[in-house]
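> need coordinates for the following:
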Amino acid sequence: MSDYSMIALKMTRNFDVPPEKVFDAWLNQEIMKKWLFTLERTNKVAQNNPQVGGTWEIVDHRDGKDYHAIGEYIEIDRPNKIVFTFQMPQFSESTDTVIVELRDTQHGCEMTFTQTSSFCMKKIGRKQISRKR
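Prediction:
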């Protein structure tokens with residue numbers, strides 16, 4: 001049995017706006033600071049370079065602590081797909097992959113969000129994982 005395990009979170013949501021608007025909400029730093037891993041009132045930093053190989057960073061300040069979320073853009077296909085990495089270095093060395101896929105619908109668009117994580121079972125313990133299910 002491998003010491004590493006993969007877990008994926010997948011969710012779908014419908015929006016009453018065209019895919020371009022949802023796509024831009026993921027890449028426009030003025031919009032990002034209102035919702036992406038943060039709230040506008042607690043956001044300290046929202047920076048990004050939305051191109052393949054470009055990076056992004058969010059710093060959220062809550063309860064006297066700064067929480068850093070960082071990543072790199074792997075694929076950008078406007079307005080259909082964004083793929084980027086996600087890390088929170090103060091909590092883990094692991095890097096997640098996030099895929100955002102958008103498609104037109106009759107009343108706007110459908111977004112499918114998939115986040116894939118890999119983690120070491122030895123570091124967190126198999127019993128801890130099985131209890132959380």
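
> what about the helices in the chain?
In chain order, the chain shows helices spanning 19-27, 29-32, 121-124, 126-132, with DSSP state H as the criterion.

> and the contacts of the first one?
Contact with helix 19-27 is made by 15, 31-32, 35-36, 48, 50, 76, 78-80, 82, 100, 102-104, 109, 111, as judged by Cβ atoms under 8 Å, 6 or more residues apart in numbering. For every residue, glycine as well, the C-beta is placed using N, CA and C.

> in PDB, list the C-alpha atoms belonging to it.
Taking only C-alpha atoms (Å, rounded to 0.1, in the frame of the first residue of the first chain), the coordinates of helix 19-27 have been written out as PDB:
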ATOM      1  CA  PRO A  19     -19.000  32.200 -18.700                       C
ATOM      2  CA  GLU A  20     -16.700  35.200 -19.400                       C
ATOM      3  CA  LYS A  21     -18.000  36.900 -16.200                       C
ATOM      4  CA  VAL A  22     -17.300  33.900 -14.000                       C
ATOM      5  CA  PHE A  23     -13.900  33.300 -15.700                       C
ATOM      6  CA  ASP A  24     -12.900  36.900 -15.100                       C
ATOM      7  CA  ALA A  25     -13.900  36.600 -11.400                       C
ATOM      8  CA  TRP A  26     -11.100  34.000 -11.000                       C
ATOM      9  CA  LEU A  27      -8.400  36.200 -12.600                       C
END
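
> that older thread, lowest average confidence across the helices of the chain, which one?
Comparing the helices of the chain by mean pLDDT, the weakest confidence falls on helix 126-132, with a mean of 46.

> can you give me the strands for the protein?
Under the criterion DSSP state E, the chain carries strands at the ranges 4-15, 43-48, 55-62, 65-77, 81-86, 96-105, 108-120.

> kindly reformat those as CSV containing mean pLDDT and mean neighbour count.
Putting the strands of the chain into CSV (pLDDT from 0 to 100; neighbours: other Cβ atoms under 10 Å) gives the following:
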stretch, mean pLDDT, mean neighbour count
strand 4-15, 92, 11
strand 43-48, 93, 16
strand 55-62, 95, 17
strand 65-77, 97, 15
strand 81-86, 98, 18
strand 96-105, 98, 16
strand 108-120, 91, 15
